[in-house]
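S.K.: Sequence and predicted structure below; questions after.
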Amino acid sequence: MNRDMRWSRRTFLQGIGCTTAASALSKVVRSNDLLSSRSEETLPVGFAYVGSTDDADASGIQVFEICGDHWHPMQSIPSRSPIALVLHPSQQYLYAANDVDEHERLPRGTVEAYKITDHGKLTLINRQPLSLSGTRPRHIAISPDGKNLVVAIHGGAAYNVLPIAPDGSVGRVAQILKEVGAGSYPGYQKSAHPHTVTFDITGQHVLATDEGCDRLSVFTFQNGRIMRTQQIHSRSGLGHFALHPGGNFLYVSNTVDGSIDCYCWLANRREVKYERRAATNLKSTPGEADRFIISESGRFLYVVSGHQSISVWEIKPETGELSDRQQWSAKNSSLQILTLSPDKRRLLVADSRQHALFSIPIHAESGELGVARAVAKIGMARSLIVKYI
């Protein structure tokens, strides 16, 4: 089913207040006023951490307390271009990759480690530089045992592995794996650009995409080191990807032609097998690949594409095949990031044009999206993660 969800003026006013950023943010202020007067019995269900970059002086991480659709700003701390955030498996630490090309006068990016207090606030533990020439990291992943951090580095065409100490601090780079190659897209694909990285559910393998040379890689992970075991090539600019909760399917966005590829992940063979392609008909600009999130049930895939739309896909459990469920659109927006709310009943999406974060209800059975509501004022969001209580 392919239903056009472009808002009428009446529906849009109900969801946001009006189409301007000013009125959307005034709605956020009203929500926070309501939160300040809430009953003491209303307890938070989680905390949200938003990495944002407005300019060199306004870059940082914002912390919010979440009570349903009421978000209360708690803290704002400086951080240089926090492009990716990830939680430690213990939920006690938060890690950020800093999208910078210089640290202490040397060409390299950094990662930061933060302690999360009992009240959700952050305290910086340490800041660790990446390998020399490892500039502008794009994504980070933590091993399931919480002992290692893997970083995909865009500018330096490399992967770094860094140890995590028992106190949550990040140690010096323990392994550097350089990438070589190029793609067919003029200008942007002159060299390798590692883009997204994740561990599979066993913790014994790392899956990664390279947007610069259209490559999907499989690495084995053992004793804090990665070793490549497979490469699959594409011609469409591999970007973001999402691993199905069941661990057997992998969905990858293609930034050049706006399609989604489905792969079968065979962990016992350490092998990814191409299955099929589902066209989204929504192209993205290289470097701005679609953002993915899969529902906790594994039944639905949500994709930000074209900055003003979210595609809802239903996943066939036996084959991983996608069927078009809904095309949800919001005018005058620039949607960037997706994640699920703590109760899994809402989709959280950042709008960089209105400088606001919106909560969209999810229908439990159909997976379709309802009317958006502004819940928080944010900067130019680049990353978003939620800690559940």
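M.R.: Noted; the coordinates are in hand.
S.K.: Gln128 touches Ala113, doesn't it?
M.R.: Yes. With contacts defined as C-beta atoms under 8 Å, Gln128 counts as touching Ala113 at a distance of 7.4 Å. From N, CA and C alone the C-beta is placed, and that goes for glycine too.
S.K.: With neighbour numbers in mind, choose between the two.
M.R.: Ala113 (24 against 20; other C-beta atoms under 10 Å).
S.K.: Quick one: residues contacting the more buried one.
M.R.: Residues in contact with Ala113 (C-beta atoms under 8 Å, 6 or more residues apart in numbering) are 93-95, 124-128, 164, 168-170.
S.K.: How about it: which residues does it bridge to?
M.R.: Tyr95, Asn126 (DSSP bridges).
S.K.: ok, back up a step: need the max-distance pair from the contacts of Ala113.
M.R.: Leu124 and Ile164 (15.1 Å; C-beta to C-beta).
S.K.: For these two, indicate the residue with more neighbours.
M.R.: Taking other C-beta under 10 Å, Leu124 and Ile164 do not tie; Ile164 has more neighbours (21 against 14).
S.K.: ok, what's across the strand from the more buried one?
M.R.: With DSSP bridges applied, the residues forming beta bridges to Ile164 are Val170.
S.K.: Check it and give its pLDDT.
M.R.: According to the prediction, Ile164 has pLDDT 98.
S.K.: Pull up the gap between Phe358 and Ala372, please.
M.R.: 4 Å (C-beta to C-beta, to the nearest Å).
S.K.: same thing with Tyr93?
M.R.: Per C-beta to C-beta, Tyr93 is found 31 Å from Ala372.
S.K.: More neighbours: which of these two?
M.R.: Applying other C-beta under 10 Å to Tyr93 and Ala372 shows that Ala372 carries more neighbours, namely 27 against 22.
S.K.: can I assume the more buried one is in contact with Ser359?
M.R.: Yes. Under the criterion of C-beta under 8 Å, Ala372 is in contact with Ser359, at a separation of 7.0 Å.
S.K.: Correct me if wrong: Ile83 contacts Arg382.
M.R.: Yes. Under the criterion of C-beta under 8 Å, Ile83 lies in contact with Arg382, with a separation of 4.9 Å.
S.K.: Give the residues shared as contacts by the two.
M.R.: 51, 99.
S.K.: list the residues that contact both of Gln128 and Ala113?
M.R.: With C-beta under 8 Å, 6+ apart, Gln128 and Ala113 have common neighbours 169-170.
S.K.: Point out where the stretch 101-250 of the chain drops to low pLDDT.
M.R.: Per-residue confidence for the stretch 101-250 of the chain (pLDDT under 70) gives these ranges: 182-189, 235-238.
S.K.: Let me see the contact set for Gln230.
M.R.: 217-218, 270-272.
S.K.: how about a cut-off of 10 Å?
M.R.: Gln230 sits next to 205, 207, 216-220, 269-273 when contact means C-beta atoms under 10 Å, 6 or more residues apart in numbering.
S.K.: try Thr135
M.R.: Going by C-beta under 10 Å, 6+ apart, Thr135 touches 99-103, 106-109, 153-158.
S.K.: And what about it, helix, strand or coil?
M.R.: Of the three states, Thr135 takes coil under DSSP: H, G, I helix; E, B strand; the rest coil.
S.K.: Excluding covalently adjacent residues, which one is nearest to it?
M.R.: Taking C-beta to C-beta, 6 or more residues apart in numbering, and ignoring the residues beside it in sequence, Thr135 has Gly155 as its nearest neighbour in space, at 3.3 Å.
S.K.: Go through stretch 48-66 and flag the buried ones.
M.R.: Of all the residues in stretch 48-66, those buried under the rule 16 or more other C-beta atoms under 10 Å are 48-53, 59-66.
S.K.: do stretch 88-95 as well
M.R.: By neighbour count, and taking 16+ other C-beta under 10 Å as the criterion, the buried residues in stretch 88-95 are 88, 92-95.
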